[in-house]
Structure formats: C-alpha cells, structure tokens
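**Student:** Could you look at this predicted model? Sequence included:
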Amino acid sequence: MPTASSPLISDLAELVGDQYVIWRPEDLLVYEYDGSIDKATPQAVVLPRNAEEVSAIVRIANRHGAYIVARGAGTSLSGGAVPLRNSVVLALTRLTALIEVDAENRVAIVEPGMINLHLSEMVSHLGLFYAPDPASQKTCTIGGNVGENAGGPHCLALGVTTNHVLGLEVVLADGSLTWLGGSERESTGYDLRGAFVGSEGTFGIATKIAVRLLPKPETIHSMLAAFRTMDAASQTVTDIIAEGMVPAALEMMDRKTIDAVEPFYHPGYPADAEAVLIVEVDGLKESVEEQTELVLKICNDNGAMEIREADDEATRAKLWETRKGAVGAYGVIAPTYYLVDGVVPRTKLREVLQQVDQIAAELNVTVANVFHAGDGNIHPAILFNERHPEEVKQAILAGARILEACVAAGGALSGEHGIGIEKQAYMPLVFTEDDLEAMARLRSAFIGEGDPEDAPIGVPSLAERFNPGKVFPGGAVHGEAYGITAPSFRRTGTSDWQ
Ligand SMILES: Cc1cc2nc3c(=O)[nH]c(=O)nc-3n(C[C@H](O)[C@H](O)[C@H](O)COP(=O)(O)OP(=O)(O)OC[C@H]3O[C@@H](n4cnc5c(N)ncnc54)[C@H](O)[C@@H]3O)c2cc1C
C-alpha cells in the first residue's frame with residue numbers, strides 16, 4: 001500500500017503539490033470505477049495543472065515503472081477509465097481552460113478537462129456551438145470524448161467527435177509533447193489525429209484539443225411522437241430516412257424507459273404508448289417548415305397517438321429532458337444498469353430489437369431501450385442488482401448475446417462507447433488475428449520505445465504504458481470484480497459460455 005513517503009508518491013507530490021496527489025485507500029475508492037460495471041483500484045491519482053506537468057508525470061511514472069490511465073469525468077460506459085494493473089490515474093479535471101476562440105475561422109482550442117456542454121455555452125454569444133453532444137454532456141469532458149470518439153443525439157447529421165477535432169497536443173510515452181493535426185481545417189501527411197481520436201487513452205494523453213465550431217442553425221424544430229408499438233416507431237424512422245431526409249436528431253425510447261422517466265420528469269406520455277420518438281430538424285426556416293410537415297405526415301401515417309412540438313429553447317429543453325435524463329432515471333427500476341452499445345444497419349433495427357426482447361425473456365433479465373435510432377446505434381440498458389452475482393452474470397451474458405446479434409445483423413461492436421474492458425473479449429467476432437496485430441502495431445508506433453534514459457523498472461510491456469489491459473482480447477475480464485468470467489467469442493460465432 002502506498003504512503004506519503006513512497007518514492008512514486010513523493011516525486012508526484014513534489015511536482016504538483018501534496019493536495020493534488022491522492023493515495024489513501026479510502027480516497028482512491030472514488031477512482032475505482034467509471035460508468036461501466038467493472039472496477040479496479042489505482043495505486044495513486046494525480047491531478048496536474050497543465051501540459052508540462054502531464055509530461056513530467058509521464059516521465060516520473062516511467063522512472064517508477066508505473067502504468068498511467070488518463071481520466072476525464074469517468075463516465076465511460078465500457079470501463080475505459082478503470083485503472084487496471086495498479087495504474088496511476090492521471091485525472092485531467094484541473095485542465096478546463098478555453099485557451100483560444102477564433103470566431104472568424106470557427107475554431108476553438110480547449111484543455112481536455114473542459115466539460116462538453118461548457119464549450120457550447122462559452123461560445124454561444126458568438127452564434128457558435130460545438131456539435132458532438134453525448135447525453136452525458138453536462139458531465140463528460142472533451143478529452144474523454146476524444147478518448148472514446150463520442151457521439152450523441154445530434155451526431156446523426158453532423159458527425160461524431162472525430163469529425164470535429166482538427167488537432168491535438170499530446171503527451172507520448174516518453175513524456176514528449178507533440179501536435180497531431182493543428183488548428184487548420186486541412187493538414188497534409190498521415191492523419192495521426194484521426195488515429196488518436198477513439199484510441200481510448202492507449203496512445204497518449206491529449207493536453208490541448210483544437211475543435212471545429214459550427215454556426216447555430218437559423219431555425220430548430222423538435223417533435224415528439226408517441227406510438228402504440230415499437231414496430232410503428234421503428235417504421236417511422238425507416239420512412240423518414242427513406243424520404244432522403246437526415247434530421248438533426250432521431251431518438252427513441254421504449255415502454256420501460258417511459259416507466260422510468262415518468263416519476264422523475266412527469267411528461268405525461270399516453271398510458272398505452274409503447275414507444276416515444278424525438279425528431280429534430282434544423283436549418284433555414286423554409287426548409288425546416290417543409291421537413292416538419294413531412295415528419296408530421298409520416299408520424300401520422302404510422303399511427304402516432306400524440307405529437308408534441310417545440311421551437312423555442314425552453315420548450316425544446318423540456319421535450320429533450322426525458323431522453324437526456326433517461327439513463328439516470330433507470331434507478332427507479334433497478335440499482336445498476338449495464339448500457340450496451342451496438343450498431344445495426346437501420347433496415348435491421350426492428351429485427352434486432354425483437355431479438356433483444358427475446359434474449360431478455362430467455363435470460364430473464366429486464367432490458368429498457370433508449371437509443372440513437374437514426375444511425376442504428378442501439379443502447380439496450382440491462383437493469384439488475386449488482387449485489388446478486390447471478391444477476392450480474394445474466395446481465396453480462398445478455399450483453400454479449402445482444403452484441404453478437406448486432407454483429408450477425410451486419411452491424412458493429414460499438415457505436416460510441418468504445419471497447420474498453422467490456423467488449424475486448426468480443427473483438428474476435430469482427431476482427432481477425434491479423435487485424436488485431438495491425439492495431440497493436442499502430443499502438444506501438446505511438447507508444448514508441450520510450451526514452452532509454454528513462455527506462456522503466458519492472459514493467460513487462462512498454463506497449464501498454466497507457467491504459468493497460470484495454471481494447472485487445474486477453475486483457476482484463478469483464479465482470480471479474482464480481483467473480484464472474486465473461487464469455488469470449490470466436491469468429492465462428494460460438495461462445496465459450498452458454
Ligand atoms: C448517462 C450517460 C449517458 C451517456 N451518453 C453518451 C452518448 O450519448 N454518447 C456517447 O458517445 N457516450 C455517452 N456516454 C459515455 C461517456 O459519457 C462518453 O464515453 C464520454 O466521452 C466519456 O467522457 P469522460 O470525460 O467521462 O471520459 P472518461 O470516462 O474519464 O474516459 C474515457 C476514455 O478516454 C480516455 N481519456 C480521458 N481523457 C483523455 C485524454 N485527455 N487523453 C487521452 N485519453 C483520454 C480514458 O483513458 C478512457 O479510456 C454516456 C455516459 C453516461 C453515464
């Protein structure tokens with residue numbers, strides 16, 4: 001157990017000050033987990049003030065042979081911020097500055113600990129906003145968004161984090177600082193910025209982020225429609241897209257989610273509604289009016305029971321309240337949620353949602369659905385009690401089978417939450433050994449060999465200096481904290497845990 005006089009702790013404290021190094025076991029508890037169900041205790045947590053301190057911390061960790069896990073707000077849903085292998089957590093919550101805004105070129109440079117929503121609030125007076133808006137945007141950081149290549153309800157039309165990051169200042173494994181990309185809209189050479197975004201903290205630590213800002217749309221119109229069946233809501237999504245429209249947002253909630261949000265937000269949805277769809281269109285006034293008319297017609301043609309509309313900011317916020325607060329509201333159904341993140345081709349949405357219901361029934365688990373229907377990114381929330389190991393096991397198995405169903409339908413393992421600990425055992429479902437080997441080589445290209453002067457003591461693999469045990473199969477085990485062995489899959493589609 002570390003103490004204030006441990007060489008690592010005292011070196012860190014000398015750099016950042018005693019109050020910014022956490023090492024007492026009771027204080028470390030807060031950093032054991034993120035938004036996923038996996039947990040691990042760090043050996044210490046350090047809170048630097050700027051990029052130079054981040055760089056110095058990496059050099060100190062190298063000297064002491066310690067692994068490093070970058071942490072923003074710790075809202076990752078795949079175990080991304082969970083510190084495996086006794087890592088040091090490098091918490092970036094003191095790096096929150098808006099360093100520069102170039103309103104003319106619509107570019108901002110921020111520190112990684114800036115809360116996502118704060119950036120849009122800070123540039124709002126300039127008529128600008130930052131587009132990626134994870135439902136966790138009141139809490140999550142832009143550094144964490146870069147780590148996970150986060151999406152959000154409004155990413156359907158505008159693209160996810162990687163489409164809005166122009167450049168990054170990063171600290172590499174030897175402690176050196178470098179820029180990938182820049183604050184220009186175009187850069188030449190290999191797109192190392194693109195490789196870094198979504199690398200889940202395994203390539204280095206972002207210390208400055210240059211992002212693209214967008215002008216606020218002239219008009220925004222939000223609509224909420226309640227349907228008697230999930231099928232009718234799903235068909236509405238298909239029909240909207242088939243019209244060639246790309247709404248700003250297209251989000252769906254099922255009956256269980258409605259049951260969870262009613263006692264919190266009292267939206268008063270129809271008692272027999274099985275699904276609620278939120279559709280938002282934006283742009284020039286005339287085009288918004290045209291699209292609104294079309295969306296309302298499609299909703300009515302599919303038997304919408306009730307339609308609500310909002311075009312001013314306060315009413316829109318009210319209309320979005322249930323969707324953005326849905327995950328927190330699941331607490332009324334069960335104490336723990338495991339939010340699965342799979343992608344299916346939009347045309348397979350109905351079929352896969354039916355399979356999700358079937359899996360839930362077969363495994364006797366409660367599943368609620370809230371998701372970005374427009375891009376086929378589904379988020380079945382498996383609701384259970386983590387104090388009952390059998391329920392944890394069923395939840396993990398249900399998650400695995402749902403992801404397997406997404407892949408079998410031609411989809412992907414993750415839409416936006418990343419692989420982390422949660423999905424690494426399922427990577428062979430979509431990647432061959434050669435694919436994984438190529439990814440490991442890319443990681444090595446970033447991690448490098450380290451500075452020989454700072455050669456680590458007692459660290460078995462330099463290749464995993466940052467966020468060890470993540471992404472690649474064979475690392476950590478999803479559910480291990482509960483004594484559960486998660487299933488692993490082979491490309492034949494067979495699981496070792498039935
Ligand atoms: C209620 C709820 C709703 C959510 N909704 C969405 C949603 O709509 N869309 C979505 O995409 N996600 C969503 N998430 C997941 C989560 O909020 C995102 O993944 C978010 O990007 C994580 O940000 P964070 O600051 O919490 O990062 P953390 O959880 O602290 O870290 C996430 C990963 O990024 C790495 N990292 C953190 N900072 C840095 C850095 N500076 N440099 C390099 N790597 C770094 C970490 O090591 C880790 O691997 C939701 C989560 C919750 C709890």
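**Tutor:** Arrived safely, thanks for sending.
**Student:** Check which helix or strand whatever residue of the stretch 301-450 of the chain ends up closest to the ligand maps to.
**Tutor:** The stretch 301-450 of the chain approaches the ligand most closely through Glu416 (3.3 Å), counting by CB to the nearest ligand atom. In this view, the C-beta of every residue, glycine as well, is placed from N, C-alpha and C. Using DSSP states H and E, no element contains Glu416; it sits outside every helix and strand.
**Student:** Give me the pLDDT value at the closest residue to it other than its chain neighbours.
**Tutor:** Distances taken as CB to CB, 6 or more residues apart in numbering put Gly151 closest to Glu416, at 3.8 Å, once the chain neighbours are dropped. With respect to pLDDT, Gly151 has a value of 94.
**Student:** Look up how far Gly194 lies from Gly151.
**Tutor:** Gly151 sits 16 Å away from Gly194, going by CB to CB, to the nearest Å.
**Student:** of these two, who's got more company?
**Tutor:** Shown here are Gly151 and Gly194; by other CB atoms under 10 Å, Gly151 has more neighbours (26 against 15).
**Student:** Val46 contacts Arg94, doesn't it?
**Tutor:** No - using CB atoms under 8 Å as the test, Val46 is too far from Arg94 to be in contact (10.3 Å).
**Student:** Determine the residues that are contacts of both of these two.
**Tutor:** Tyr20 (CB atoms under 8 Å, 6 or more residues apart in numbering).
**Student:** and these two? which has more neighbours close in?
**Tutor:** Taking neighbours as other CB under 10 Å, Val46 and Arg94 compare with Val46 leading, 25 against 15.
**Student:** now the more buried one: how far from Leu12?
**Tutor:** Separation of Val46 from Leu12 (CB to CB) stands at 5 Å.
**Student:** do the same with Pro217
**Tutor:** 46 Å.
**Student:** And for Leu353?
**Tutor:** 48 Å.
**Student:** Look at the two and report which has more neighbours.
**Tutor:** Leu12 (30 against 25).
**Student:** buried stuff in the helix or strand in which the more buried one is found?
**Tutor:** Using DSSP H and E, Leu12 sits in helix 7-16. Residues of helix 7-16 classed as buried: 8-9, 11-13, 15-16 (neighbour count, 16 or more other CB atoms under 10 Å).
**Student:** low-scoring stretches of the stretch 351-498 of the chain, by residue?
**Tutor:** Low-confidence segments of the stretch 351-498 of the chain (pLDDT under 70): 448-463, 475-476, 488-498.
**Student:** for the stretch 101-250 of the chain, same thing?
**Tutor:** For the stretch 101-250 of the chain, no range has pLDDT under 70.
**Student:** what residues are up against Arg387?
**Tutor:** If you count contacts by CB under 8 Å, 6+ apart, then Arg387 has Pro335 around it.
**Student:** Same question for the one 4 residues further on.
**Tutor:** With contacts taken as CB under 8 Å, 6+ apart, Glu391 has the following neighbours: 365, 384-385.
**Student:** Got the phi and psi for it?
**Tutor:** Dihedral pair for Glu391: phi -70, psi -40, per degrees, to the nearest 10.
**Student:** Please apply the same query to Glu200.
**Tutor:** phi 60, psi 40.
**Student:** I'd say it and Gly79 touch.
**Tutor:** No - in terms of CB under 8 Å, Glu200 does not count as a neighbour of Gly79; the distance is 9.7 Å.
**Student:** if you count what's nearby, which of those two comes out ahead?
**Tutor:** Gly79 (29 against 22).
**Student:** doesn't Val295 make contact with Val237?
**Tutor:** No - counting by CB under 8 Å, Val237 does not reach Val295; the two are 10.8 Å apart.
**Student:** Spell out which parts of the stretch 1-150 of the chain neighbour the ligand.
**Tutor:** 34-35, 69-77, 80-81, 92, 112, 134-136, 140-141, 143-148, 150 (CB under 6 Å from any ligand atom).
**Student:** Return the subset of those lying in helices.
**Tutor:** 143-148 (DSSP state H).
**Student:** about what we covered before: gap between the residue nearest to Glu416 and the ligand?
**Tutor:** Look at Gly151 and the ligand: by CB to the nearest ligand atom, to the nearest Å, they are 4 Å apart.
**Student:** show me what contacts that residue?
**Tutor:** Contacts of Gly151 (CB under 8 Å, 6+ apart): 132, 134, 160-161, 372, 375, 377, 415-416.
**Student:** Can you tell me which of these end up in strands?
**Tutor:** Mapping the contacts of Gly151 onto strands (DSSP state E) picks out 372, 377.
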